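Undergrad: sequence plus the predicted model coming up.
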Protein chains: 2
Amino acid sequence: MGGLILSLVEENYIKAIYHLENEVKGDVSTNAISDEVKTKPSSVTDMVQVLAEKDLLIYKKYKGVHLTKKGKSAAMKVIRKHRLWETFLVEKLNFQWDEVHDIAEQLEHIHSDALVDRLDDFLGNPEYDPHGDPIPDAEGNLKSRNKKVLSHIPENEVVICVGVKESGSDFLRYLDKRNINIGTEIKVLGKEFDGSMDLLVNSKPFSVSEQVAGNLYVQPI
Amino acid sequence: MGGLILSLVEENYIKAIYHLENEVKGDVSTNAISDEVKTKPSSVTDMVQVLAEKDLLIYKKYKGVHLTKKGKSAAMKVIRKHRLWETFLVEKLNFQWDEVHDIAEQLEHIHSDALVDRLDDFLGNPEYDPHGDPIPDAEGNLKSRNKKVLSHIPENEVVICVGVKESGSDFLRYLDKRNINIGTEIKVLGKEFDGSMDLLVNSKPFSVSEQVAGNLYVQPI
DNA sequence: AATATTTTTTAGGACTACCTAAATTATATG
DNA sequence: CATATAATTTAGGTAGTCCTAAAAAATATT
(Lines give C-alpha, C1' and ligand atoms only; values in the text may rest on other atoms or scores of the structure.)
Protein backbone atom coordinates (compact mmCIF):
# COMPACT_ATOMS: atom_id res chain seq x y z
CA MET A 1 0.00 0.00 0.00
CA GLY A 2 1.94 3.00 1.18
CA GLY A 3 5.04 0.95 1.67
CA LEU A 4 7.13 1.99 -1.30
CA ILE A 5 9.93 4.29 -0.25
CA LEU A 6 12.03 5.91 -2.93
CA SER A 7 15.14 7.96 -2.45
CA LEU A 8 14.93 11.68 -3.01
CA VAL A 9 16.82 11.28 -6.26
CA GLU A 10 14.57 8.49 -7.48
CA GLU A 11 11.51 10.59 -6.71
CA ASN A 12 12.94 13.45 -8.71
CA TYR A 13 13.54 11.24 -11.72
CA ILE A 14 10.04 9.79 -11.56
CA LYS A 15 8.50 13.21 -11.25
CA ALA A 16 10.58 14.54 -14.14
CA ILE A 17 9.60 11.63 -16.36
CA TYR A 18 5.96 12.09 -15.46
CA HIS A 19 6.06 15.72 -16.49
CA LEU A 20 7.89 14.90 -19.71
CA GLU A 21 5.35 12.24 -20.65
CA ASN A 22 2.70 14.95 -20.65
CA GLU A 23 4.73 17.09 -23.01
CA VAL A 24 5.84 14.64 -25.65
CA LYS A 25 4.12 11.85 -27.46
CA GLY A 26 5.78 8.46 -27.11
CA ASP A 27 8.64 7.52 -24.85
CA VAL A 28 10.74 10.01 -22.96
CA SER A 29 14.33 10.33 -24.13
CA THR A 30 17.46 10.16 -22.06
CA ASN A 31 18.45 13.67 -23.03
CA ALA A 32 15.10 15.12 -22.10
CA ILE A 33 15.40 13.60 -18.65
CA SER A 34 18.96 14.78 -18.21
CA ASP A 35 17.80 18.30 -19.03
CA GLU A 36 14.99 18.11 -16.54
CA VAL A 37 16.91 16.66 -13.60
CA LYS A 38 20.13 18.50 -14.46
CA THR A 39 22.47 15.57 -14.68
CA LYS A 40 24.48 14.17 -17.58
CA PRO A 41 22.81 11.72 -19.97
CA SER A 42 25.11 8.95 -18.82
CA SER A 43 23.82 9.39 -15.27
CA VAL A 44 20.30 9.11 -16.58
CA THR A 45 21.13 5.82 -18.28
CA ASP A 46 22.38 4.52 -14.94
CA MET A 47 19.33 5.68 -13.09
CA VAL A 48 16.62 4.51 -15.46
CA GLN A 49 18.06 1.02 -15.17
CA VAL A 50 17.66 1.21 -11.42
CA LEU A 51 14.10 2.48 -11.78
CA ALA A 52 13.27 -0.17 -14.38
CA GLU A 53 14.55 -2.80 -11.96
CA LYS A 54 12.04 -1.49 -9.44
CA ASP A 55 9.21 -1.72 -11.97
CA LEU A 56 8.64 2.01 -11.94
CA LEU A 57 9.22 2.36 -15.65
CA ILE A 58 9.88 0.45 -18.87
CA TYR A 59 13.26 1.06 -20.37
CA LYS A 60 14.35 -0.03 -23.84
CA LYS A 61 17.94 0.70 -24.78
CA TYR A 62 18.23 3.65 -27.14
CA LYS A 63 14.42 3.88 -27.22
CA GLY A 64 13.60 5.83 -24.09
CA VAL A 65 11.37 5.27 -21.16
CA HIS A 66 7.79 5.38 -19.95
CA LEU A 67 6.30 5.01 -16.49
CA THR A 68 4.45 1.90 -15.39
CA LYS A 69 1.26 2.11 -13.35
CA LYS A 70 3.43 1.86 -10.27
CA GLY A 71 5.69 4.64 -11.52
CA LYS A 72 2.77 6.92 -12.30
CA SER A 73 1.31 6.34 -8.89
CA ALA A 74 4.64 7.20 -7.28
CA ALA A 75 4.80 10.36 -9.39
CA MET A 76 1.31 11.39 -8.35
CA LYS A 77 2.23 11.09 -4.71
CA VAL A 78 5.18 13.40 -5.09
CA ILE A 79 3.19 15.87 -7.15
CA ARG A 80 0.36 15.80 -4.64
CA LYS A 81 2.79 16.64 -1.88
CA HIS A 82 4.48 19.35 -3.90
CA ARG A 83 1.22 21.09 -4.69
CA LEU A 84 -0.19 20.77 -1.20
CA TRP A 85 2.97 22.26 0.29
CA GLU A 86 2.92 25.10 -2.23
CA THR A 87 -0.64 25.81 -1.23
CA PHE A 88 0.37 25.77 2.42
CA LEU A 89 3.23 28.16 1.82
CA VAL A 90 1.06 30.66 -0.02
CA GLU A 91 -2.20 30.32 1.91
CA LYS A 92 -0.86 29.93 5.42
CA LEU A 93 2.63 31.37 5.46
CA ASN A 94 1.88 34.23 3.04
CA PHE A 95 4.62 33.51 0.58
CA GLN A 96 4.27 34.97 -2.90
CA TRP A 97 3.53 32.43 -5.61
CA ASP A 98 6.93 32.98 -7.16
CA GLU A 99 8.79 32.14 -3.95
CA VAL A 100 7.47 28.71 -3.14
CA HIS A 101 8.83 26.38 -5.75
CA ASP A 102 12.27 25.68 -4.29
CA ILE A 103 10.94 25.13 -0.81
CA ALA A 104 8.21 22.81 -2.08
CA GLU A 105 10.88 20.86 -3.98
CA GLN A 106 12.33 19.96 -0.61
CA LEU A 107 9.08 19.43 1.26
CA GLU A 108 7.71 17.11 -1.42
CA HIS A 109 10.18 14.43 -0.32
CA ILE A 110 8.99 14.15 3.28
CA HIS A 111 7.67 10.63 3.80
CA SER A 112 4.49 10.40 5.85
CA ASP A 113 1.06 9.55 4.54
CA ALA A 114 -0.53 10.82 7.73
CA LEU A 115 1.18 14.15 7.29
CA VAL A 116 -0.06 14.59 3.73
CA ASP A 117 -3.61 13.65 4.61
CA ARG A 118 -3.73 16.01 7.55
CA LEU A 119 -2.13 18.80 5.60
CA ASP A 120 -4.75 18.31 2.91
CA ASP A 121 -7.54 18.61 5.49
CA PHE A 122 -5.88 21.58 7.16
CA LEU A 123 -5.86 23.39 3.82
CA GLY A 124 -9.52 22.54 3.22
CA ASN A 125 -8.86 19.90 0.56
CA PRO A 126 -7.91 22.38 -2.13
CA GLU A 127 -8.42 21.37 -5.76
CA TYR A 128 -5.78 23.63 -7.26
CA ASP A 129 -2.43 24.93 -6.14
CA PRO A 130 -1.37 28.59 -6.26
CA HIS A 131 -0.21 28.20 -9.87
CA GLY A 132 -3.54 26.76 -10.92
CA ASP A 133 -2.30 23.19 -11.20
CA PRO A 134 -4.72 20.51 -9.98
CA ILE A 135 -3.84 18.69 -6.78
CA PRO A 136 -4.16 14.88 -7.04
CA ASP A 137 -6.31 13.27 -4.36
CA ALA A 138 -5.00 10.63 -1.97
CA GLU A 139 -5.61 7.92 -4.58
CA GLY A 140 -3.64 9.83 -7.17
CA ASN A 141 -6.63 10.92 -9.24
CA LEU A 142 -6.22 14.16 -11.07
CA LYS A 143 -9.25 16.16 -12.10
CA SER A 144 -8.29 17.69 -15.40
CA ARG A 145 -10.02 20.85 -16.42
CA ASN A 146 -10.31 21.92 -20.02
CA LYS A 147 -7.84 24.72 -19.85
CA LYS A 148 -6.32 26.18 -22.98
CA VAL A 149 -3.22 28.14 -23.72
CA LEU A 150 -4.01 31.84 -24.13
CA SER A 151 -2.35 31.97 -27.54
CA HIS A 152 -4.94 29.53 -28.89
CA ILE A 153 -7.91 31.71 -27.97
CA PRO A 154 -9.59 33.44 -30.93
CA GLU A 155 -10.39 37.14 -31.13
CA ASN A 156 -13.16 38.62 -29.02
CA GLU A 157 -13.39 35.66 -26.70
CA VAL A 158 -13.42 36.34 -22.97
CA VAL A 159 -11.57 33.93 -20.70
CA ILE A 160 -10.30 33.76 -17.17
CA CYS A 161 -6.76 32.93 -16.20
CA VAL A 162 -6.61 29.55 -14.46
CA GLY A 163 -2.90 28.80 -14.31
CA VAL A 164 0.57 29.05 -15.72
CA LYS A 165 2.52 26.55 -17.75
CA GLU A 166 6.03 27.30 -16.53
CA SER A 167 6.09 28.72 -13.02
CA GLY A 168 9.50 30.36 -13.10
CA SER A 169 9.99 33.29 -10.75
CA ASP A 170 10.65 35.81 -13.50
CA PHE A 171 7.45 35.00 -15.32
CA LEU A 172 5.37 35.00 -12.14
CA ARG A 173 6.75 38.34 -11.05
CA TYR A 174 6.00 39.73 -14.51
CA LEU A 175 2.38 38.69 -14.05
CA ASP A 176 2.23 40.11 -10.54
CA LYS A 177 3.50 43.46 -11.72
CA ARG A 178 0.70 43.55 -14.31
CA ASN A 179 -1.94 42.39 -11.84
CA ILE A 180 -2.58 39.19 -13.70
CA ASN A 181 -3.51 36.42 -11.30
CA ILE A 182 -5.51 33.27 -11.21
CA GLY A 183 -9.08 34.39 -11.70
CA THR A 184 -8.21 37.47 -13.74
CA GLU A 185 -10.59 38.06 -16.66
CA ILE A 186 -8.98 38.51 -20.04
CA LYS A 187 -10.56 39.51 -23.33
CA VAL A 188 -8.68 38.81 -26.53
CA LEU A 189 -8.81 41.89 -28.77
CA GLY A 190 -6.54 40.68 -31.51
CA LYS A 191 -3.36 38.94 -32.58
CA GLU A 192 -0.33 40.45 -34.25
CA PHE A 193 1.97 39.08 -36.98
CA ASP A 194 4.64 38.20 -34.41
CA GLY A 195 2.36 36.10 -32.25
CA SER A 196 1.87 38.81 -29.64
CA MET A 197 -1.67 39.45 -28.48
CA ASP A 198 -3.68 42.54 -27.67
CA LEU A 199 -5.82 42.01 -24.61
CA LEU A 200 -8.20 43.72 -22.27
CA VAL A 201 -7.05 42.96 -18.73
CA ASN A 202 -8.77 44.53 -15.75
CA SER A 203 -10.64 46.73 -18.24
CA LYS A 204 -7.37 48.12 -19.56
CA PRO A 205 -5.76 47.38 -22.91
CA PHE A 206 -2.61 45.33 -22.56
CA SER A 207 -0.31 43.50 -24.96
CA VAL A 208 1.65 40.35 -24.28
CA SER A 209 4.40 38.66 -26.27
CA GLU A 210 3.97 35.27 -27.87
CA GLN A 211 6.08 33.80 -25.10
CA VAL A 212 3.79 35.10 -22.39
CA ALA A 213 0.63 34.13 -24.25
CA GLY A 214 2.01 30.64 -24.66
CA ASN A 215 2.62 30.28 -20.94
CA LEU A 216 -0.77 31.31 -19.62
CA TYR A 217 -3.58 28.82 -19.14
CA VAL A 218 -7.08 30.18 -19.51
CA GLN A 219 -10.62 28.86 -19.58
CA PRO A 220 -13.69 30.14 -21.41
CA ILE A 221 -16.06 31.90 -19.07
CA MET B 1 25.31 34.71 7.37
CA GLY B 2 22.84 31.94 6.75
CA GLY B 3 25.05 30.57 4.02
CA LEU B 4 26.29 27.41 5.71
CA ILE B 5 24.66 24.36 4.22
CA LEU B 6 25.25 21.00 5.83
CA SER B 7 24.15 17.64 4.55
CA LEU B 8 21.35 15.84 6.31
CA VAL B 9 23.85 13.43 7.81
CA GLU B 10 26.13 16.20 9.03
CA GLU B 11 23.19 17.95 10.65
CA ASN B 12 22.24 14.78 12.44
CA TYR B 13 25.72 14.33 13.84
CA ILE B 14 25.89 17.95 15.00
CA LYS B 15 22.51 17.70 16.64
CA ALA B 16 23.43 14.43 18.35
CA ILE B 17 26.67 15.87 19.68
CA TYR B 18 24.85 18.94 20.93
CA HIS B 19 22.42 16.81 22.89
CA LEU B 20 25.20 14.63 24.27
CA GLU B 21 27.18 17.66 25.44
CA ASN B 22 24.26 18.56 27.66
CA GLU B 23 24.23 15.13 29.22
CA VAL B 24 27.86 14.50 29.98
CA LYS B 25 30.61 16.63 31.39
CA GLY B 26 33.67 17.00 29.17
CA ASP B 27 34.08 15.84 25.61
CA VAL B 28 31.65 13.55 23.84
CA SER B 29 32.95 10.07 23.07
CA THR B 30 32.91 8.26 19.76
CA ASN B 31 30.80 5.46 21.18
CA ALA B 32 28.23 7.84 22.60
CA ILE B 33 27.81 9.44 19.20
CA SER B 34 27.58 6.12 17.43
CA ASP B 35 24.80 5.12 19.83
CA GLU B 36 22.93 8.33 19.19
CA VAL B 37 23.16 8.40 15.40
CA LYS B 38 22.95 4.63 15.06
CA THR B 39 26.10 4.02 13.08
CA LYS B 40 29.25 2.09 13.92
CA PRO B 41 32.01 3.82 15.89
CA SER B 42 34.32 3.63 12.90
CA SER B 43 31.84 5.65 10.87
CA VAL B 44 31.77 8.23 13.62
CA THR B 45 35.54 8.55 13.49
CA ASP B 46 35.26 9.25 9.77
CA MET B 47 32.55 11.80 10.20
CA VAL B 48 33.97 13.79 13.09
CA GLN B 49 37.07 14.36 11.00
CA VAL B 50 34.92 15.83 8.27
CA LEU B 51 33.10 18.03 10.76
CA ALA B 52 36.35 19.11 12.40
CA GLU B 53 37.64 20.10 8.97
CA LYS B 54 34.61 22.36 8.63
CA ASP B 55 35.30 23.95 12.04
CA LEU B 56 32.07 22.65 13.49
CA LEU B 57 33.83 20.82 16.28
CA ILE B 58 37.18 20.12 17.90
CA TYR B 59 38.35 16.57 17.59
CA LYS B 60 41.29 15.07 19.45
CA LYS B 61 42.12 11.48 18.64
CA TYR B 62 40.99 9.07 21.34
CA LYS B 63 39.83 12.04 23.39
CA GLY B 64 36.42 12.82 21.93
CA VAL B 65 34.80 15.87 20.54
CA HIS B 66 33.12 19.15 21.43
CA LEU B 67 31.27 21.67 19.27
CA THR B 68 32.75 25.01 18.33
CA LYS B 69 30.69 28.18 18.39
CA LYS B 70 29.95 27.54 14.73
CA GLY B 71 28.91 23.98 15.49
CA LYS B 72 26.64 25.02 18.34
CA SER B 73 24.99 27.60 16.16
CA ALA B 74 24.38 24.99 13.45
CA ALA B 75 22.90 22.68 16.08
CA MET B 76 20.59 25.39 17.37
CA LYS B 77 19.25 25.98 13.88
CA VAL B 78 18.35 22.34 13.45
CA ILE B 79 16.82 22.14 16.91
CA ARG B 80 14.85 25.32 16.30
CA LYS B 81 13.42 23.83 13.14
CA HIS B 82 12.67 20.50 14.77
CA ARG B 83 10.76 22.10 17.63
CA LEU B 84 8.87 24.54 15.45
CA TRP B 85 7.76 21.74 13.14
CA GLU B 86 6.69 19.62 16.11
CA THR B 87 4.64 22.53 17.33
CA PHE B 88 3.10 22.91 13.88
CA LEU B 89 2.21 19.24 13.71
CA VAL B 90 0.51 19.25 17.10
CA GLU B 91 -1.07 22.71 17.07
CA LYS B 92 -2.16 22.95 13.46
CA LEU B 93 -2.42 19.41 12.15
CA ASN B 94 -3.74 17.91 15.39
CA PHE B 95 -1.17 15.18 15.74
CA GLN B 96 -0.69 13.67 19.18
CA TRP B 97 2.55 14.58 20.90
CA ASP B 98 3.81 11.02 20.59
CA GLU B 99 3.38 10.94 16.82
CA VAL B 100 5.42 13.90 15.71
CA HIS B 101 9.03 13.01 16.35
CA ASP B 102 9.80 11.01 13.22
CA ILE B 103 8.13 13.50 10.91
CA ALA B 104 9.93 16.41 12.56
CA GLU B 105 13.20 14.52 12.10
CA GLN B 106 12.63 14.86 8.39
CA LEU B 107 11.26 18.38 8.36
CA GLU B 108 14.13 19.72 10.44
CA HIS B 109 16.44 19.34 7.44
CA ILE B 110 14.52 21.62 5.08
CA HIS B 111 16.78 24.53 4.17
CA SER B 112 15.07 27.91 4.08
CA ASP B 113 15.51 30.69 6.58
CA ALA B 114 12.43 32.43 5.24
CA LEU B 115 10.37 29.32 5.81
CA VAL B 116 11.49 28.96 9.41
CA ASP B 117 10.85 32.60 10.21
CA ARG B 118 7.40 32.55 8.68
CA LEU B 119 6.53 29.28 10.35
CA ASP B 120 7.60 30.79 13.67
CA ASP B 121 5.29 33.75 13.11
CA PHE B 122 2.45 31.56 11.91
CA LEU B 123 2.66 29.60 15.15
CA GLY B 124 2.67 32.80 17.20
CA ASN B 125 6.36 32.63 18.12
CA PRO B 126 5.96 29.80 20.60
CA GLU B 127 8.48 29.53 23.42
CA TYR B 128 8.07 25.81 24.05
CA ASP B 129 7.35 22.83 21.87
CA PRO B 130 4.69 20.19 22.63
CA HIS B 131 7.15 18.25 24.82
CA GLY B 132 7.97 21.32 26.86
CA ASP B 133 11.37 21.88 25.29
CA PRO B 134 12.30 25.51 24.67
CA ILE B 135 12.43 26.70 21.06
CA PRO B 136 15.59 28.66 20.20
CA ASP B 137 14.99 32.06 18.62
CA ALA B 138 16.28 33.01 15.18
CA GLU B 139 19.65 33.93 16.69
CA GLY B 140 19.91 30.57 18.41
CA ASN B 141 19.27 31.84 21.92
CA LEU B 142 17.65 29.38 24.25
CA LYS B 143 15.69 30.60 27.23
CA SER B 144 16.35 28.03 29.91
CA ARG B 145 13.82 27.63 32.64
CA ASN B 146 14.64 26.19 36.02
CA LYS B 147 12.91 22.92 35.55
CA LYS B 148 13.68 19.97 37.78
CA VAL B 149 13.28 16.26 37.45
CA LEU B 150 10.23 15.05 39.39
CA SER B 151 12.28 12.51 41.32
CA HIS B 152 14.23 15.35 42.93
CA ILE B 153 11.18 17.06 44.37
CA PRO B 154 10.80 16.67 48.16
CA GLU B 155 7.63 15.51 49.90
CA ASN B 156 4.62 17.76 50.08
CA GLU B 157 5.81 20.12 47.38
CA VAL B 158 3.39 21.04 44.61
CA VAL B 159 4.73 21.38 41.08
CA ILE B 160 3.46 21.56 37.54
CA CYS B 161 4.61 19.37 34.72
CA VAL B 162 6.58 21.39 32.16
CA GLY B 163 8.12 18.76 29.95
CA VAL B 164 9.58 15.33 29.40
CA LYS B 165 13.18 14.23 29.26
CA GLU B 166 12.91 11.39 26.77
CA SER B 167 10.02 11.81 24.38
CA GLY B 168 9.61 8.22 23.26
CA SER B 169 6.17 7.22 22.05
CA ASP B 170 5.65 4.60 24.76
CA PHE B 171 6.36 7.02 27.54
CA LEU B 172 4.20 9.76 26.03
CA ARG B 173 1.27 7.42 25.56
CA TYR B 174 1.67 6.25 29.15
CA LEU B 175 1.31 9.86 30.26
CA ASP B 176 -1.65 10.46 27.97
CA LYS B 177 -3.48 7.48 29.38
CA ARG B 178 -3.01 8.88 32.90
CA ASN B 179 -4.02 12.38 31.84
CA ILE B 180 -0.63 13.81 32.63
CA ASN B 181 0.17 16.66 30.28
CA ILE B 182 2.19 19.81 30.20
CA GLY B 183 0.54 22.06 32.76
CA THR B 184 -0.73 19.23 34.95
CA GLU B 185 -0.40 19.96 38.66
CA ILE B 186 1.34 17.33 40.74
CA LYS B 187 1.72 17.09 44.49
CA VAL B 188 4.40 14.84 45.90
CA LEU B 189 2.95 12.79 48.74
CA GLY B 190 5.92 10.58 49.43
CA LYS B 191 8.75 8.46 48.15
CA GLU B 192 9.18 4.72 48.48
CA PHE B 193 12.27 2.60 49.08
CA ASP B 194 12.45 1.63 45.38
CA GLY B 195 12.47 5.17 44.08
CA SER B 196 8.83 5.15 43.12
CA MET B 197 6.76 8.14 44.16
CA ASP B 198 3.27 8.61 45.51
CA LEU B 199 1.60 11.61 43.94
CA LEU B 200 -1.62 13.53 43.83
CA VAL B 201 -2.44 14.09 40.14
CA ASN B 202 -5.69 15.73 39.10
CA SER B 203 -6.77 15.43 42.75
CA LYS B 204 -6.36 11.67 42.64
CA PRO B 205 -3.65 9.60 44.29
CA PHE B 206 -1.29 8.09 41.76
CA SER B 207 2.04 6.27 41.94
CA VAL B 208 4.84 6.37 39.41
CA SER B 209 7.95 4.25 39.08
CA GLU B 210 11.42 5.67 39.51
CA GLN B 211 11.84 5.53 35.74
CA VAL B 212 8.80 7.67 35.11
CA ALA B 213 9.66 10.11 37.88
CA GLY B 214 13.12 10.50 36.40
CA ASN B 215 11.71 11.36 32.99
CA LEU B 216 9.29 14.10 33.96
CA TYR B 217 10.33 17.73 34.18
CA VAL B 218 8.44 19.84 36.67
CA GLN B 219 8.60 23.33 38.07
CA PRO B 220 7.62 24.65 41.52
CA ILE B 221 4.36 26.53 41.40
C1' DA C 1 53.08 -2.36 37.05
C1' DA C 2 51.54 -6.06 34.08
C1' DT C 3 47.76 -7.76 31.87
C1' DA C 4 42.95 -7.87 30.39
C1' DT C 5 39.25 -5.31 28.62
C1' DT C 6 37.16 -1.66 26.36
C1' DT C 7 37.35 2.13 23.28
C1' DT C 8 38.90 4.10 19.28
C1' DT C 9 41.15 4.28 15.01
C1' DT C 10 42.92 2.39 10.59
C1' DA C 11 42.61 -0.25 6.43
C1' DG C 12 40.10 -1.87 2.94
C1' DG C 13 35.52 -2.28 0.85
C1' DA C 14 30.49 -1.46 -0.55
C1' DC C 15 26.86 1.38 -2.42
C1' DT C 16 24.51 5.44 -4.44
C1' DA C 17 24.58 8.83 -7.54
C1' DC C 18 27.31 11.47 -9.97
C1' DC C 19 31.10 12.53 -13.79
C1' DT C 20 34.28 12.33 -18.32
C1' DA C 21 35.75 10.14 -22.36
C1' DA C 22 35.20 6.72 -25.66
C1' DA C 23 32.32 3.53 -28.15
C1' DT C 24 27.99 2.46 -30.16
C1' DT C 25 23.47 3.12 -32.24
C1' DA C 26 20.02 6.00 -34.31
C1' DT C 27 18.76 9.79 -37.21
C1' DA C 28 19.44 13.26 -40.66
C1' DT C 29 21.55 14.89 -44.86
C1' DG C 30 23.50 14.83 -49.28
C1' DC D 1 21.99 4.59 -49.28
C1' DA D 2 26.30 6.22 -47.48
C1' DT D 3 28.01 9.27 -44.42
C1' DA D 4 27.83 12.98 -41.00
C1' DT D 5 25.76 14.27 -36.81
C1' DA D 6 23.30 13.58 -32.75
C1' DA D 7 21.76 10.66 -29.07
C1' DT D 8 22.77 7.05 -26.09
C1' DT D 9 25.37 3.72 -23.68
C1' DT D 10 29.63 1.73 -21.69
C1' DA D 11 33.81 1.88 -19.10
C1' DG D 12 36.20 3.57 -15.59
C1' DG D 13 36.43 6.94 -11.77
C1' DT D 14 35.06 10.25 -7.72
C1' DA D 15 32.76 11.75 -3.39
C1' DG D 16 29.98 10.88 0.58
C1' DT D 17 28.62 7.76 4.03
C1' DC D 18 28.41 3.50 5.62
C1' DC D 19 30.46 -1.29 6.93
C1' DT D 20 33.76 -5.31 8.86
C1' DA D 21 37.97 -6.82 10.71
C1' DA D 22 42.28 -5.85 12.57
C1' DA D 23 45.44 -2.77 15.00
C1' DA D 24 46.42 0.63 18.45
C1' DA D 25 45.50 3.33 22.50
C1' DA D 26 43.22 4.09 26.79
C1' DT D 27 41.30 2.29 30.94
C1' DA D 28 40.38 -1.16 34.40
C1' DT D 29 41.77 -5.11 37.06
C1' DT D 30 44.76 -7.84 39.61
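TA: Yep, that arrived. Numbers count the residues shown, from 1 in each chain, chains lettered A, B, ... in the order given.

Undergrad: how about residue A:59: what's its closest non-neighbour residue?
TA: Spatially, and ignoring its direct neighbours in sequence, residue A:59 is nearest to residue A:52 (4.0 Å; C-beta to C-beta, 6 or more residues apart in numbering or on different chains). Placement of C-beta: from N, CA and C, glycine included.

Undergrad: up against DNA strand C, what does chain A have?
TA: Proximity of chain A to DNA strand C is assessed by C-beta under 7 Å from any atom of the strand, with A:7, A:9-10, A:37-40, A:42-43, A:46-47, A:50, A:62 identified as the residues in range.

Undergrad: redo that, cut-off 6 Å
TA: A:7, A:9-10, A:39-40, A:42-43, A:46-47, A:50, A:62 (C-beta under 6 Å from any atom of the strand).

Undergrad: restrict those to contacts with DNA strand D.
TA: Taking C-beta under 6 Å from any atom of the strand, the overlap between the residues of chain A next to DNA strand C and the neighbourhood of DNA strand D is A:42, A:62.

Undergrad: now, which of the residues of chain A next to DNA strand C sits nearest residue B:146?
TA: The shortest distance between residue B:146 and any of the residues of chain A next to DNA strand C, using C-beta to C-beta, involves residue A:7 and amounts to 44.6 Å.

Undergrad: how far away is that closest one from residue B:81?
TA: 22 Å (C-beta to C-beta, to the nearest Å).

Undergrad: neighbour-wise, which of these two wins?
TA: Comparing residue A:7 with residue B:81 by neighbour count (other C-beta atoms under 10 Å in any protein chain shown), the higher total belongs to residue B:81, at 24 against 10.

Undergrad: angle of the strand or helix carrying the more buried one against helix A:69-91?
TA: Element membership of residue B:81 [criterion: DSSP states H and E] is helix B:69-91. Orientation of helix B:69-91 against helix A:69-91 (axes from the mean of the first three to the mean of the last three C-alpha atoms, to 10 degrees) gives an angle of 100 degrees.

Undergrad: which element is encountered next along the chain beyond helix B:69-91?
TA: helix B:101-107.

Undergrad: wait, does that next one contact chain A?
TA: Yes: Helix B:101-107 reaches chain A (C-beta under 8 Å from any C-beta of the partner chain) through B:102-103, B:106-107.

Undergrad: over to the residue lying closest to residue A:200 once chain neighbours are set aside. Which of the three states is it?
TA: If you skip the residues right next to it in sequence, residue A:200 has residue A:187 as its closest partner in space, 4.0 Å away by C-beta to C-beta, 6+ apart. What DSSP: H, G, I helix; E, B strand; the rest coil gives for residue A:187 is strand.

Undergrad: need the contact list for residue A:12.
TA: Contacts for residue A:12 (C-beta atoms under 8 Å, 6 or more residues apart in numbering or on different chains) come out as residue A:37.

Undergrad: sticking with it, tell me its helix or strand.
TA: In this structure, residue A:12 sits in helix A:8-21 according to DSSP H and E.

Undergrad: how far does that helix sit from the chain's center?
TA: Here the centre of mass of C-alpha atoms in helix A:8-21, compared against the chain's by C-alpha atoms, centre = their mean, to the nearest Å, lies 12 Å away.

Undergrad: buried ones in it, by neighbour count?
TA: A:10-18, A:20-21 (16 or more other C-beta atoms under 10 Å in any protein chain shown).

Undergrad: for chain B, state which of the residues you listed is nearest.
TA: Distance to chain B, by C-beta to the nearest C-beta, is smallest for residue A:11 among the buried residues of helix A:8-21, at 13.3 Å.

Undergrad: pretty sure residue A:206 contacts residue A:178?
TA: Yes: using C-beta atoms under 8 Å as the test, residue A:206 is close enough to residue A:178 to be in contact (6.7 Å).

Undergrad: and residue A:145, what's its pLDDT?
TA: Residue-level confidence at residue A:145 comes out at 83, pLDDT.

Undergrad: how many other residues sit next to it?
TA: Counted with other C-beta under 10 Å, residue A:145 comes out at 13.
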